[in-house]
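Colleague: how would this look folded up:
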Amino acid sequence: MSMSDMDELWYMIKGKALRISDGELFELASGGRSNYFFDMKPVSLDPKGANLIARCILDRITEYEDVNYIGGIESGSIPIVTAVCVVSLEEYRPLQGFYVRKEPKRRGTKNFIEGNLREGEKVIVLEDVITEGRSSIRAIEAIRNFGCEVVKVISVVDREAGARENLKAVGVDFESLFTKSDFGL
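Modeller: Now for the predicted structure:
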C-alpha cells in the first residue's frame, strides 16, 4: 500500500522540520516565542521534500486557470516557489516564479520584486510556515503596488495564530497544507 503525497510530506515534516524545545523557547519571525518550531528548509531543500511540497500545492491550485505566477517573500518561499515552477512544467502547466525582497535591492536593478512577474497579472503567494501573516501581507502590498492581484496565499504549515483572519482582513483567501494541530500541537 502506498502513501499519498500528503501523508509522505507529513512524515517528512514531522521527522525533519518539527523541533520541540527541551527548555529554551524558539524565537519566531513574528517576534513571538514558542516551545515548537517548524524549520522547513531541511524539507524544502530536500529533493523528495521539494517535489512533495510542489505536487501538494499544485493539487490546490488547479482551479486557478487564470493564474500564471507564483511567488512569496524571501527567503523561506524561494525553494518552494522554485520547486512548484519546476514540477508545474511537467505535471501541470508552466508557472512563472518571483519573490519579494524584504527591502529593495540597494544596487544593480534596485528591485523589490525579483524574477518573473508582469503588471496586471493574478498571482498566488506561497509560504513555508505562517504565523500571523505579516510577511505575506508585506508581500501582498508590494505585489499590489506592482499592479497585480493576489488571489490566494498557500502555506505549507499554518501555526494557527491569526494568519487566516489577518489575510481575510486584506481581502485574500488562505489555505495551508497542514496546521500545527495536524502535528498534535
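Colleague: When you work out contacts or count neighbours from here on, use the C-alpha atoms and nothing else.
Modeller: OK.
Colleague: neighbouring contacts of stretch 88-96?
Modeller: A54, L58, T62, N68, Y69, I70, V84, C85, V86, N116, L117 (Cα atoms under 8 Å, 6 or more residues apart in numbering).
Colleague: where exactly do the helices run in this protein?
Modeller: For the chain, applying DSSP state H gives helices covering 5-16, 41-44, 47-61, 78-91, 134-146, 163-169.
Colleague: Could I get the contacting residues of F146?
Modeller: Shown in contact with F146 (Cα under 8 Å, 6+ apart): E119.
Colleague: what separates it from E114, distance-wise?
Modeller: According to Cα to Cα, to the nearest Å, F146 and E114 sit 12 Å apart.
Colleague: Not counting residues beside it along the chain, what's closest to L177?
Modeller: Using Cα to Cα, 6 or more residues apart in numbering and skipping the chain neighbours, the partner closest in space to L177 is V156 (4.9 Å).
Colleague: residues touching the one you found, list them.
Modeller: Contacts for V156 (Cα under 8 Å, 6+ apart) come out as I53, E127, D128, V129, S176, L177, F178.
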